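In: what's the 3D shape of this:
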Amino acid sequence: MSKLFSNFKIKDMDLKNRIVMAPMCMDSCNDKDGFANNWHFIHYSTRAIGGVGLIILESTGIQPGGRITDNDLGIWSDEHIKNLSNIVDECHKYGSKIGIQINHAGRKSETLSYPIIAPSPIAFNADYRLPIEMTKEDIVTTIDLFKSAAKRALTAGFDLLELHGAHGYLIGEFLSPLTNKREDEYGGTNENRVRFLKEIIQAVKTVWPETKPLQLRVSAVDYAKGGNSSEETSSLINLIKAMGIDIVNVSSGGTVPAKISTYPGYQICYSEIIRKQCNIPTIAGGLITSPLMAEEILNNKRSDLVYLGRELLRNPYWAFAAANQLGDNIEWPVQYERSNKVNKNGF
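Out: So this is what the prediction gives:
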């Protein structure tokens, strides 16, 4: 069997393969209410039917003004739990595990009905509003919002919880020296810049069980002078991993406006660096389309799992085609079995 279709277990989460659906905002909530609806139900359950091992729900706001846009999913109310739970239950029917990414967008929030906050009063660019510098009280309040969101995610039945520390959103804003100019205990040194994340992990771990994995998404590099490199990000992760981070989802960029040269696999080297320097499992991705490329990444121990984004939007059944190409005889939904070339001898 290929590495891509081998199982991977972390804590109590046992994945049937190493294919991960990356969190991708759908901007599809109605009436700015943050409720998952039929679009989300069909969108995620289709990828479960299509054989994805781990599905990670898109950025889900811990408060209305903490969303990237007014149409993002929300998890700031107990009323959000039922619809999210329906998605979880449906994906479980097809053997997929499912996680949720909880987030506060910080200075990159486009929810115009609310003020925006950040570690320092620096706008992302000329088109974004100037954020309010967070007070100590704001920090404590926001940490508690992450904790409450984690508790709701557990009630909804998610197998994995991801803290969004990438792409220049609030956690990432504290981590990067480009966006964190504070002179108190939350700014300056690595130990200070990681303090906000550290306190979020401490709070979340009081409600998120030890048996379920806690995942961190990071932007490994800022692509700007004075920003974090993959080595610097590794140092930050090493300061907090022992607190209960089980796996790191490696992305890059988004902290500040920057020109990024993208090509298939452009972020894989960052995953490899973090995996080695932090001795922690990673998920790697970045314009991966080929099963052979995914197989190379896994076999050369550049990551433990691979995530796909755009490719799973184009083809929800990518896993089936990948298995055929790699010669793996995997289980298909019985309704689709007639189209499985491996089992049907080409007919």
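
In: all helices for the stretch 201-347 of the chain, in order.
Out: Here the stretch 201-347 of the chain has its helices, by DSSP state H, counting those that start in this stretch, at 230-240, 268-278, 291-299, 310-314, 318-326, 341-344.

In: any chance of these in CSV, with distance to Ser261 too?
Out: In this view, the C-beta of every residue, glycine as well, is placed from N, C-alpha and C. Putting the helices of the stretch 201-347 of the chain into CSV (distance: least, Cβ to Cβ, whole Å) gives the following:
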stretch, distance to Ser261
helix 230-240, 15
helix 268-278, 13
helix 291-299, 18
helix 310-314, 17
helix 318-326, 25
helix 341-344, 37
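
In: From His164, how far off is Lys16?
Out: The gap separating Lys16 from His164 is 25 Å, by Cβ to Cβ, to the nearest Å.

In: what's the answer for Asp72, then?
Out: Taking Cβ to Cβ, one finds Asp72 at 11 Å from His164.

In: list residues touching both of the two?
Out: Taking Cβ atoms under 8 Å, 6 or more residues apart in numbering as the criterion, Asp72 and His164 both touch Ser59.

In: Send me the biggest helix by length in the chain as CSV with only the CA atoms.
Out: Longest helix in the chain, counting residues (DSSP state H): helix 136-156. Output of helix 136-156 as CSV, limited to C-alpha atoms (Å, rounded to 0.1, in the frame of the first residue of the first chain):
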residue,chain,number,x,y,z
LYS,A,136,-4.8,43.4,29.0
GLU,A,137,-8.6,43.1,29.6
ASP,A,138,-9.1,42.6,25.8
ILE,A,139,-6.5,39.8,25.9
VAL,A,140,-8.1,38.1,28.8
THR,A,141,-11.6,38.4,27.2
THR,A,142,-10.3,37.0,23.9
ILE,A,143,-8.6,34.0,25.5
ASP,A,144,-11.9,33.2,27.2
LEU,A,145,-13.6,33.3,23.9
PHE,A,146,-11.2,30.8,22.4
LYS,A,147,-11.9,28.6,25.5
SER,A,148,-15.7,28.8,25.0
ALA,A,149,-15.4,28.1,21.3
ALA,A,150,-13.3,25.0,22.1
LYS,A,151,-15.9,23.7,24.5
ARG,A,152,-18.6,24.1,21.8
ALA,A,153,-16.5,22.3,19.3
LEU,A,154,-16.2,19.4,21.7
THR,A,155,-20.0,19.4,22.2
ALA,A,156,-20.4,19.3,18.4
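
In: List the buried residues of it.
Out: When burial is assessed from 16 or more other Cβ atoms under 10 Å, helix 136-156 yields the following buried residues: 139, 142-143, 145-154, 156.

In: pLDDT and distance to Asn103 added to these, as JSON lines?
Out: Output for the buried residues of helix 136-156, formatted as JSON lines (pLDDT from 0 to 100; distance: Cβ to Cβ, whole Å):
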{"residue": "Ile139", "pLDDT": "98", "distance to Asn103": "16"}
{"residue": "Thr142", "pLDDT": "98", "distance to Asn103": "11"}
{"residue": "Ile143", "pLDDT": "98", "distance to Asn103": "14"}
{"residue": "Leu145", "pLDDT": "98", "distance to Asn103": "11"}
{"residue": "Phe146", "pLDDT": "98", "distance to Asn103": "9"}
{"residue": "Lys147", "pLDDT": "98", "distance to Asn103": "14"}
{"residue": "Ser148", "pLDDT": "98", "distance to Asn103": "14"}
{"residue": "Ala149", "pLDDT": "98", "distance to Asn103": "9"}
{"residue": "Ala150", "pLDDT": "98", "distance to Asn103": "12"}
{"residue": "Lys151", "pLDDT": "98", "distance to Asn103": "16"}
{"residue": "Arg152", "pLDDT": "98", "distance to Asn103": "14"}
{"residue": "Ala153", "pLDDT": "98", "distance to Asn103": "12"}
{"residue": "Leu154", "pLDDT": "98", "distance to Asn103": "17"}
{"residue": "Ala156", "pLDDT": "98", "distance to Asn103": "16"}
